[in-house]
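sequence unknown, structure follows:
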């Protein structure tokens, strides 16, 4: 029984890895889910990803669900990549884990300050960059930055 479970897990991992690599190799800018939007932009006083330093979390909302595979989502803001990470925003962490409709991206406070308002936002998969000529799914609105969230 253990051998069968191990074999089934191995096959699943190999198939997921193949599918993820196929997406990455064939298309450097995945099809953006219809209705993808910036749900919130929140200043957070302490973020574990930033070793307890303050930062900003950009929360994306997908009306469907985000694809889960062997790679990771990357948010490009003004030509700079930010990998997805822990949300760091109360209540959204549970939502993200429960229904796979939310993705969070962490920026340091210094990186946030350097970004221009209305910078284009792109979403890619893995190590890929946005395709030349691709249209952004949204633009950064720095005026919508919410007040700090205190973390324990």
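Okay, I see it. None of the values given here were measured: they were computed from a predicted structure.

Can you get me a residue count around residue 143?
7 (other C-beta atoms under 10 Å). Where you see a C-beta, it was placed from the backbone N, CA and C, and this is true even at glycine.

how much space between it and residue 74?
With distances taken as C-beta to C-beta, to the nearest Å, residue 143 is found 25 Å from residue 74.

could you pull out the strands for this structure?
37-47, 53-61, 73-77, 80-83, 102-108, 120-125, 138-139, 145-149 (DSSP state E).

The ones you listed: which one's closest to residue 67?
Closest approach to residue 67 among the strands of the chain (C-beta to C-beta): strand 120-125, 7.7 Å.

Describe which strands that closest one pairs with in its sheet and in which direction.
Here strand 120-125 has these sheet partners by DSSP bridges: strand 73-77 (antiparallel), strand 138-139 (antiparallel).

Figure out which of the ones you listed is closest to residue 110.
strand 73-77 (13.7 Å).

That closest one to strand 37-47, inter-axis angle?
90 degrees (axes from the mean of the first three to the mean of the last three C-alpha atoms, to 10 degrees).

average pLDDT across strand 73-77?
Throughout strand 73-77, pLDDT has a mean value of 92.

Over to stretch 42-62?
Mean predicted lDDT for stretch 42-62 stands at 84.
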